[in-house]
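Student: structure for this input, please:
(one chain, ligands or ions: 2)
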Amino acid sequence: MEKTIDETAQGSKLAIEPKLENTKKLFIESYGCAMNFSDSEIVASILSKEGYNTTQVLEEADLVLVNTCSIRDKAEQTVRKRLEKYNAVKRINPKMKVGVLGCMAERLKSKFLEEEKIVDLVVGPDAYKDLPNLISEVNEGRSAVNVILSKDETYGDISPVRLNTNGVTAFVSITRGCDNMCTFCVVPFTRGRERSRDPQSILEEISDLWNKGFKEVTLLGQNVDSYLWYGGGLKKDFTKATDLQKATAVDFAVLLDLCAKAYPKMRIRFSTSNPQDMSLDVIRSMAKHQNICNHVHLPVQSGSNRILKEMNRQHTREEYIELINNIKAILPNCTISQDIICGFPTETEEDHQDTLSLMDVVKYSFGYMYAYSERPGTMAERKLEDDVPFETKKRRLAEVVEQQRAHGLIRTEEFLNQTVEVLIEKESKKSASEWSGRSAQNTVAVFPKEDYKIGNFVNVKINSCTSATLIGEAIGLSENN
Ligand code: SAH
Ligand code: F3S
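Tutor: Ligands and ions are numbered 1, 2, ... in the order given. This is a model prediction of the structure:
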């Protein structure tokens, strides 16, 4: 199975902007989706004003924070294991305080304090501004919990401290929460209702990144296509907005347009799109601006109409295919990637075949594929029996992963003998003499370093490939530098 950042974590390796006057040390690590990684940068910024600089050495931390994921049981188990490690360190350094942030904090609330004795602090995704107060409580010897979800918190006024940064690519969050209520998904419960962030603050954050030399931003949200700014508050309350608010509202297509126009040399990506909310205006904005990358992550979850309905996804297989056809008609070289769940309750062999045949129609460039994991409190857990045996889920997942691998290869082979523009992000994991970066279509490319540097846009001639990686040689800097 392909790995998402779900299964990995990064300690606070490199924080730019450490403050010399700060004396306390914060070790913060994140699990799960990109939004969690982005939230940790907001938390680091809030705590920087409280005297904390980040450290990558767990043993020297005064405060350890773990930003957690609840999306699948395995993600939660990974965090529980990490807490054992903190426990061992706390035995040597008893003054160290431990806090849990993110979706597990929101899901388990004060139960966390009972279940995990090491935990001093439990803070949900909308309560990070309360961290200074909560930490004071903890330092006075009490445990502290704040898991109140908000109708309007977007952290738009906080300038994130970039953690683990390569200085080239960054996340910028544009919405929080999700109103979609897919029956398998815990996110609406852990991250609350959907809110959009003021476009002005988004543009300011991109401006700041541009001034610091960043070359690519990914606009983040659980469901970016439903972005809607009309002055703040929940999206559902838009019906009560004034005529002026309605006339000046900014939707996602307009936001893309604003960002791309303001920073024509900044590469712009976005994630995640929900098929039911993706408008053709978004695709047209992409077509209008050369700097908006031609890649759409468009989770489908299943190819069976019956299962899509059980999942409460608001589109059919046919509507999904129509959307893909429209994307391809407007943006012929746009790559498409997927999320797929195998073994959702009641999924039959025939439903599974429908997923495989849908994959055949789209031939995705890459994807993230999962075995269904029942989540407490979701509609699926309450209404449906988790009745697909684990072995069957695993087998179906293996078939889907294999099919994706084959399609990935078809897609990467399309680039053979072509020249693609690659933004260099880091050293290749496989070879210290090669760079690794991504093309606009989000395909990873590796090539010999020569004299190029991280942050360069380089034209790379593709000579060979695997199912996920393009392998080539640089033929010069692109005119984008
Ligand atoms: N809109 C979100 C989706 C969040 S969850 C985003 O920004 O990415 C990411 C993916 O995890 C989903 O698309 C789905 O494929 C998978 N997922 C969610 N809940 C799951 C569950 N209970 N079991 C298995 N996979 C799940
Ligand atoms: Fe989850 Fe569906 Fe929202 S997958 S994050 S409820 S779009």
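Student: from here on, just use CA atoms for contacts and neighbour counts.
Tutor: OK.
Student: which residues of this protein lie near ligand 2?
Tutor: By Cα under 6 Å from any ligand atom, the residues of the chain that approach ligand 2 are Cys178, Asn180, Met181, Cys182, Cys185, Val187, Pro188, Gln222, Asn223.
Student: who wins for most neighbours among those residues?
Tutor: Per-residue neighbour counts (other Cα atoms under 10 Å) across the residues of the chain next to ligand 2 peak at Gln222, which has 26 neighbours.
Student: residues in contact with it?
Tutor: Thr175, Arg176, Gly177, Cys178, Ser271, Thr272, Ser273 (Cα atoms under 8 Å, 6 or more residues apart in numbering).
Student: got those as TSV, with distance to Glu350 and pLDDT columns?
Tutor: TSV is the format used below for these (distance: Cα to Cα, whole Å; pLDDT from 0 to 100):
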residue	distance to Glu350	pLDDT
Thr175	37	97
Arg176	36	96
Gly177	34	96
Cys178	31	96
Ser271	30	96
Thr272	28	95
Ser273	27	96
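Student: returning to what we had before: can you narrow the residues of the chain next to ligand 2 to ones near ligand 1?
Tutor: Cys185, Gln222, Asn223.
Student: which ones among those residues lie within helices?
Tutor: Assigned to helices by DSSP state H, none of these qualify.
Student: all strands for the stretch 51-200 of the chain, in order.
Tutor: 52-54, 63-68, 97-101, 121-123, 144-146, 169-173, 175-176, 195-196 (DSSP state E, counting those that start in this stretch).
Student: for Ser40, find the nearest of those strands.
Tutor: With Cα to Cα as the criterion, Ser40 lies closest to strand 63-68 of the strands of the stretch 51-200 of the chain, at 6.9 Å.
Student: and that closest one, average pLDDT?
Tutor: Taken as a whole, strand 63-68 has a mean pLDDT of 98.
Student: that strand and ligand 1, are they touching?
Tutor: No - judged by Cα under 6 Å from any ligand atom, strand 63-68 and ligand 1 are separated, with a smallest distance of 13.4 Å.
Student: packing partners for that strand?
Tutor: In terms of contacts (3 or more Cα pairs under 8 Å, 6 or more residues apart in numbering; DSSP states H and E), strand 63-68 is packed against strand 24-30, helix 34-48, helix 73-92, strand 97-101, helix 102-108.
Student: quick one: the second one near ligand 1?
Tutor: The one in question is helix 34-48. No - applying Cα under 6 Å from any ligand atom, one finds helix 34-48 separated from ligand 1 by no less than 7.8 Å.
Student: tell me which other helices or strands that helix touches.
Tutor: Using 3+ Cα pairs under 8 Å, 6+ apart, the elements in contact with helix 34-48 are strand 24-30, strand 52-54, strand 63-68, helix 131-139, strand 169-173.
Student: how about 7 Å then?
Tutor: strand 24-30 (3 or more Cα pairs under 7 Å, 6 or more residues apart in numbering; DSSP states H and E).
Student: report the contact partners of Ile268.
Tutor: By Cα atoms under 7 Å, 6 or more residues apart in numbering, the contact set of Ile268 is Glu216, Val217, Thr218, Asn291, Ile292, Cys293.
Student: can I assume it sits in a helix?
Tutor: No - assignment of Ile268 by DSSP: H, G, I helix; E, B strand; the rest coil gives strand, placing it outside any helix.
Student: that one pairs with what?
Tutor: Per DSSP bridges, the residues bridged to Ile268 are Val217, Ile292.
Student: quick check: the gap between it and Thr165.
Tutor: In this view, Ile268 and Thr165 are 17 Å apart by Cα to Cα, to the nearest Å.
Student: just to revisit the earlier point, export the residues of the chain next to ligand 2 as a markdown table, with columns for distance to Glu114.
Tutor: What follows is the residues of the chain next to ligand 2, written out as a markdown table (distance: Cα to Cα, whole Å):
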| residue | distance to Glu114 |
| --- | --- |
| Cys178 | 29 |
| Asn180 | 32 |
| Met181 | 29 |
| Cys182 | 30 |
| Cys185 | 25 |
| Val187 | 23 |
| Pro188 | 25 |
| Gln222 | 30 |
| Asn223 | 34 |
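Student: which one of the strands of the stretch 51-200 of the chain lies closest to Glu374?
Tutor: Of all the strands of the stretch 51-200 of the chain, strand 63-68 sits nearest to Glu374, with 17.5 Å by Cα to Cα.
Student: so that closest one versus strand 24-30, what angle?
Tutor: Relative orientation of strand 63-68 versus strand 24-30 (axes from the mean of the first three to the mean of the last three Cα atoms, to 10 degrees): 10 degrees.
Student: give me the contacts around strand 63-68.
Tutor: Residues from elsewhere that reach strand 63-68, judged by Cα under 7 Å, 6+ apart: 25-32, 36, 40, 79, 96-104.
Student: show me how far stretch 70-77 is from its chain's centre.
Tutor: Distance, stretch centre to chain centre, for stretch 70-77: 16 Å (Cα atoms, centre = their mean, to the nearest Å).
Student: typo on my end, stretch 353-367
Tutor: With Cα atoms, centre = their mean, you get 22 Å for stretch 353-367.
Student: give me the residues contacting that stretch.
Tutor: 302-304, 335-339, 400, 404, 407-408, 411.
Student: which single residue in the stretch 251-400 of the chain comes nearest to ligand 2?
Tutor: Per Cα to the nearest ligand atom, Asn274 is where the stretch 251-400 of the chain lies closest to ligand 2, at 6.1 Å.
Student: tell me the contacts of that residue?
Tutor: When contacts are counted by Cα under 7 Å, 6+ apart, Asn274 touches Asn223, Asp225, Leu298, Pro299.
Student: again, 8 Å this time
Tutor: Contacts of Asn274 (Cα under 8 Å, 6+ apart): Asn223, Val224, Asp225, Leu298, Pro299.
Student: could I get those in CSV, plus columns for pLDDT?
Tutor: Below are the contacts of Asn274 laid out as CSV (pLDDT from 0 to 100):
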residue, pLDDT
Asn223, 94
Val224, 97
Asp225, 96
Leu298, 98
Pro299, 98
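Student: list just the nearest of the residues you listed to Ala440.
Tutor: The nearest member of the contacts of Asn274 to Ala440, counting by Cα to Cα, is Leu298 at 16.4 Å.
Student: neighbours around the closest one, how many?
Tutor: Neighbour count of Leu298, defined by other Cα under 10 Å: 22.
Student: and if you look at the one 4 residues further on?
Tutor: When neighbours are defined as other Cα under 10 Å, Ser302 has 29 of them.
Student: now it: closest residue in space that isn't a chain neighbour?
Tutor: In space, and not counting its chain neighbours, Ser302 is closest to Thr355: 5.3 Å by Cα to Cα, 6 or more residues apart in numbering.
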